[in-house]
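**Q** Sequence and predicted structure below; questions after.
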Amino acid sequence: MLPQGAHHNLNSQVLRVHGGDPLLLLQPVWGCSCPEGWLKFYCSCYYITTEQKSWNESRHDCLARKADLVIKNSQEEQVFLTTFDQCIWIGLTDGETEGIWKWVDGTALTTAYWWWSEPDSEVGEEDCAMMYGGVQHIPLNAWNDWV
Ligand SMILES: [Ca+2]
Ligand SMILES: [Ca+2]
């Protein structure tokens, strides 16, 4: 639950887990407080649920919560998000133009944390980006493109 009225000025993001529990991330603009039950990292809030969904389903779910899939704004945030043991959908896709990765807010990908052989479009075009779970020891090589 969001604080009453919070969604009116909420610039929020959501994480989803692939093949595990999803995470939601909110970036509240009303201050650095998070709703009850959410994890906090600097001024972002993260919420873990038990659902498993596709990238698109997850994004719709996030938007319905006045949030969105996570956009990695810093290396510190990337490292923090690898502390979970679940795979996570992130707000990154090359669905518009194959090979051109964009964040869900339309901005271009400038700093990437792909696994060494990724993105590889191994299964079809693999237009959705996820982050592996249990990669605390290699936080800067954690992403995979997936379907
Ligand atoms: Ca692709
Ligand atoms: Ca891949």
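**A** All right, it came through fine. Ligands and ions are numbered 1, 2, ... in the order given.

**Q** residues in this structure within reach of ligand 2, list them.
**A** Of all the residues in the chain, those in contact range of ligand 2 (CB under 5 Å from the ion) are 118, 120, 122, 126, 144-145. To be clear about C-beta, it is placed using only N, CA and C from the backbone, and glycine gets the same treatment.

**Q** Now with 8 Å, please.
**A** By the criterion of CB under 8 Å from the ion, the positions of the chain lying close to ligand 2 are 115, 117-123, 126, 144-146.

**Q** Out of those residues, give me the one that has the most neighbours.
**A** Each of these was scored for neighbours by other CB atoms under 10 Å, and residue 145 scores highest at 23 neighbours.

**Q** And residue 103, its phi and psi?
**A** According to degrees, to the nearest 10, the main-chain angles of residue 103 amount to phi -70, psi 160.

**Q** any low-confidence regions in this structure?
**A** Applying pLDDT under 70 to the chain picks out residues 1-31, 48-50.

**Q** Go again with 80.
**A** Low-confidence segments of the chain, defined by pLDDT under 80, span residues 1-39, 43, 45-51, 65-67.

**Q** show me where it has strands.
**A** Listed in chain order, the strands of the chain (DSSP state E) span 23-26, 39-41, 44-48, 88-93, 102-103, 128-131, 143-146.

**Q** any chance of the ones you listed in TSV, with distance to residue 78 too?
**A** Converted to TSV, the strands of the chain look like this (distance: least, CB to CB, whole Å):
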stretch	distance to residue 78
strand 23-26	12
strand 39-41	11
strand 44-48	12
strand 88-93	9
strand 102-103	13
strand 128-131	8
strand 143-146	9
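
**Q** I'd like to know which of those is closest to residue 72.
**A** strand 88-93 (6.7 Å; CB to CB).

**Q** Enumerate the residues of this protein near ligand 1.
**A** Going by CB under 8 Å from the ion, the residues of the chain near ligand 1 are 94-95, 98-99, 119, 121, 125-127, 145.

**Q** How many neighbouring residues does residue 39 have?
**A** Number of residues near residue 39 (other CB under 10 Å) recorded here: 16.

**Q** Do you have the helices of the chain handy? List them.
**A** For the chain, applying DSSP state H gives helices covering 55-64, 75-81.

**Q** Nice, that's everything, thank you.
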